[in-house]
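**Q** Pasting the sequence and the predicted model now:
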Amino acid sequence: MLLDQFTEQQLIATLLVFIWTGFVRSGLGFGGAALGLPLFLFIDPRPIIWLPMIGWHLLFFSSLTISQKGSDIDWSYLRQALKWIIPAALVGVLGLISLPNQWLLIFVYSITLFYALMWVSGRAIQSHHRWVDHGLLLTGGYVAGTSLTGAPLIVAVFMRHVTANKLRNTLFVLWFMLVSLKMGAFVVFRIDLQFIPALWLLLPAAVGHIAGLKTHQKILQNDALFKKIIGGVLALISTLGLWHIITG
């Protein structure tokens, strides 16, 4: 099992990051992978081992949330958006499977650094035109297919078309669909789904998930400050990651 190969320090770090991803996922309604994957890559620099575990947890917690509030979903806009997101996500999945690991690391850290700088500067990814919507959905779909970190790009569009009371649950349905697509591709290409490690790590992720649910409203009320702090930390981590790749 993967976890048996980790040192004690790696195991502790893995537990803490899974708590963090659970917290972000339920607290914001998105971003668990985007804010967690760069941290995971410092523990082990192979996205292909982390993404299946993140995927299992996304499937579990998104289905749990959807089953509780299944009516708070904007199915009409979701169907429209999927026409743009799914084809791009399929291309992204092929990239994840075929691209060299170093390229994937540069991709993940660069995307995360972009998000971090946007949050630190207090800027938001926004869309005011249909063609911008389509561009963000295509780009977000590709990034999600490659690394599950396309949420901020997709959310920028969904916020314009989906009412606030339906936004989080509609996004959870979308994440469920995208992750199912990715996991299916992993099966086809015989990539280890890391089910047993994901099962062991479900408890720390659940701890973070519950904490995120309890603080969801407070996070939304202090959204700008939360993103500035997290953005600063992610900018440092992504810069260090890119520097290590360049100098290594």
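**A** Yes, it's here. Since the structure is predicted, the reported quantities are computational estimates derived from the model, not experimental observations. Numbers count the residues shown, from 1 in each chain.

**Q** check contacts around residue 33.
**A** Going by CB atoms under 8 Å, 6 or more residues apart in numbering, residue 33 touches 21, 51, 54, 58, 147, 148, 149, 151. Where you see a C-beta, it was placed from the backbone N, CA and C, and this is true even at glycine.

**Q** ok, 10 Å please
**A** By CB atoms under 10 Å, 6 or more residues apart in numbering, the contact list for residue 33 reads 21, 24-25, 40, 50-51, 54-55, 57-58, 108, 144, 147-151, 175, 179.

**Q** try residue 159
**A** Here residue 159 is in contact with 124, 125, 126, 127, 167, 171 (CB under 10 Å, 6+ apart).

**Q** ok, which stretches of the protein are helices?
**A** Ranges of helices in the chain, per DSSP state H, are 8-28, 32-43, 47-68, 75-98, 101-120, 130-147, 151-161, 164-188, 195-200, 202-221, 223-247.

**Q** could you give the angle of the third one to helix 8-28?
**A** Angle between the axes of helix 47-68 and helix 8-28 is 40 degrees (criterion: axes from the mean of the first three to the mean of the last three CA atoms, to 10 degrees).

**Q** now the residue sitting nearest the centre point of the chain, nearest residue through space, not along the chain?
**A** For the chain, residue 33 is the residue whose C-alpha lies nearest the centre (CA atoms, centre = their mean; 2.7 Å). Distances taken as CB to CB, 6 or more residues apart in numbering place residue 148 nearest to residue 33, at 3.8 Å, with adjacent residues excluded.

**Q** residue ranges with poor pLDDT in the protein?
**A** Applying pLDDT under 70 to the chain flags residues 1, 29-31, 65, 68-71, 216, 220, 248.

**Q** follow-up on the earlier one: can you check which of the helices of the chain gets nearest to residue 2?
**A** For residue 2, the closest of these is helix 195-200, at 4.8 Å, according to CB to CB.

**Q** Please determine how far the residue of the chain most remote from its centre is located from residue 241.
**A** The centre of the chain is farthest from one residue, residue 247, which by CA atoms, centre = their mean lies 27.3 Å away. Distance from residue 247 to residue 241, counting by CB to CB, to the nearest Å: 11 Å.

**Q** and if you look at residue 121?
**A** Separation of residue 121 from residue 241 (CB to CB): 20 Å.
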